[in-house]
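K.L.:
make a model of this:
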Amino acid sequence: MPFRFPRTAPPIIRALGSERADACASIHAESFAHPWSPSEFEALLSSRATIGTAAVDEATDALRGFALARVAADEAEMLTIAVLNAARHRGVGQALMLDVAARLLAARVRSLFLEVEPANVAANKLYARLGFREVGRRPGYYRKPDGSHAIALVLRKDLS
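P.N.:
Next up is the predicted model:
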């Protein structure tokens, strides 16, 4: 039997505060061609309309990943979700999405929307597993590193 590295312990999921803006920006830069700045994260995390959730390492309290959603009446938009490269494929993204959904439901949000690039296979598999369905497309939504543009799939999940 081949040797396998042990999976890391499941992340601890908690509310995300603006004190982690720098760490969010760093992880976002690993995940996206056009990352957001620490000041952008600080502004989002300071907004009453934003719900943020963090996945932290149990031993070190270091941020492994995060998710941000913005509430508008009884709907919410997933603004971003990002997981450290070293922590991917270990259930962190799913734990973040489930926590955000629970927080949104507690805030009486009925529907969650998000955009995702069709080429992001891992994210699309996660969203399908969680019950999101395609409700639209946005042509030219994503700017790629080479300057070209890609469509975004608009997905929706009813929370209640």
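K.L.:
run through the protein and note the low-pLDDT ranges.
P.N.:
1-10 (pLDDT under 70).
K.L.:
and the residue nearest the centre of it?
P.N.:
Centroid-nearest residue in the chain: I81, 1.5 Å away (criterion: C-alpha atoms, centre = their mean).
K.L.:
I'd say that one and G65 touch.
P.N.:
Yes: counting by C-beta atoms under 8 Å, G65 is a contact partner of I81 at 7.3 Å. Bear in mind the C-beta positions are built from the backbone N, C-alpha and C, glycine included.
K.L.:
overlap of the contact sets of the two?
P.N.:
93, 96 (C-beta atoms under 8 Å, 6 or more residues apart in numbering).
K.L.:
so which bits of the lengthiest helix in the chain are buried?
P.N.:
What stands out as the longest helix in the chain, according to DSSP state H, is helix 92-106. The neighbour-count check on helix 92-106 (16 or more other C-beta atoms under 10 Å) flags 92-93, 95-97, 99-101, 103-104 as buried.
K.L.:
what's near enough to touch E115?
P.N.:
Neighbouring residues of E115 by C-beta under 8 Å, 6+ apart: 138, 141, 152-155.
K.L.:
host element of it?
P.N.:
E115 belongs to strand 111-116 when elements are defined using DSSP states H and E.
K.L.:
for that strand, which strands pair with it and how are they oriented?
P.N.:
Strands that pair with strand 111-116, judged by DSSP bridges, come out as strand 75-83 (parallel), strand 149-158 (antiparallel).
K.L.:
how about those strands in TSV, adding distance to E40?
P.N.:
Compiled in TSV, the strands paired with strand 111-116 are given as follows (distance: least, C-beta to C-beta, whole Å):
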stretch	distance to E40
strand 75-83	10
strand 149-158	19
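K.L.:
P38 is nearest to which of those strands?
P.N.:
Of all the strands paired with strand 111-116, strand 75-83 sits nearest to P38, with 13.7 Å by C-beta to C-beta.
K.L.:
how distant is that closest one from the center of its chain?
P.N.:
Offset of strand 75-83 from its chain centre (C-alpha atoms, centre = their mean, to the nearest Å): 5 Å.
K.L.:
use 814 as the first number from now on
P.N.:
I'll keep to 814 as the first residue from here, and by that count the last item is strand 888-896.
K.L.:
that strand: which residues count as buried?
P.N.:
Buried, per 16+ other C-beta under 10 Å, within strand 888-896: 889, 891-896.
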